[in-house]
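Asks: predicted model and sequence below, questions to follow.
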Amino acid sequence: MSVKLKSIACTENGFGGTVQLSGNTFGSTFQNLDVTGLRDTRPIFPFPAGPITIAEGETKSIIMSDVRFNLKTTNEPAELNPKVLKVMGELNNGLGSNSFLIRWDDFHLPHAPSPAEEPKDPAEFKLDYTTANLAITLTFIVWVAQVY
């Protein structure tokens, strides 16, 4: 499974002007559907160039390589590969953390035409962060890169 942070959007900034946004996004795979049995954690977008400056109404596109996670396939014994991917983000400015889950049997995810290509319409998942004065949305794209 491949994951990329596609964009960061600021939908509200009650402070006016711009805000410096930083934090970390990462994915963890878990052996069990109840999100137990941590198997692997990998960074997705740890703000490698430092904080991003963003203003209300602005969306920043993120250029990055995909991060790959291995999840179970239907042909493997259940104990071989994890069954759940949890994508998490932690942001500064009091925005805190948020996450979404993808199960190994989530069949709506598009498949890439080849391991080196993205599909034309990858699935989008959003993480929304809100305080009294600030609202940020991280948009991730996810697809099945290769089935073994």
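Replies: Right, received. Where do you want to start?
Asks: buried set for stretch 60-69?
Replies: Buried positions in stretch 60-69, judged by neighbour count with 16 or more other C-beta atoms under 10 Å: 62, 66-67, 69. Quick note: C-beta positions are derived from backbone N, CA and C, even for glycine.
Asks: now stretch 130-148
Replies: Applying 16+ other C-beta under 10 Å to stretch 130-148 flags 134-145 as buried.
Asks: ok, the closest residue to Lys83 other than its chain neighbours to Met64 distance?
Replies: Of all residues not flanking Lys83 in the chain, Trp104 sits nearest, at 4.7 Å (C-beta to C-beta, 6 or more residues apart in numbering). Distance check for Trp104 against Met64: by C-beta to C-beta, to the nearest Å, it reads 24 Å.
Asks: and for Phe125?
Replies: Taken as C-beta to C-beta, the span from Phe125 to Met64 is 16 Å.
Asks: same question for Leu71.
Replies: Taking C-beta to C-beta as the measure, Leu71 falls 21 Å from Met64.
Asks: which one is Phe26 nearest to, not counting chain neighbours?
Replies: Pro43 (5.0 Å).
Asks: mind checking which helix or strand that neighbour is in?
Replies: According to DSSP states H and E, Pro43 maps onto strand 38-45.
Asks: and the helix or strand encompassing Phe26, how far from the chain's centre?
Replies: Using DSSP H and E, Phe26 falls within strand 23-30. Computed by C-alpha atoms, centre = their mean, to the nearest Å, the separation of strand 23-30 from the middle of its chain amounts to 7 Å.
Asks: over to stretch 47-55?
Replies: 17 Å.
Asks: helix, strand, or coil at the residue located most distally from the centre of the chain?
Replies: The C-alpha centroid of the chain is most remote from Gly16, which lies 27.6 Å away (C-alpha atoms, centre = their mean). Three-state call for Gly16 (DSSP: H, G, I helix; E, B strand; the rest coil): coil.
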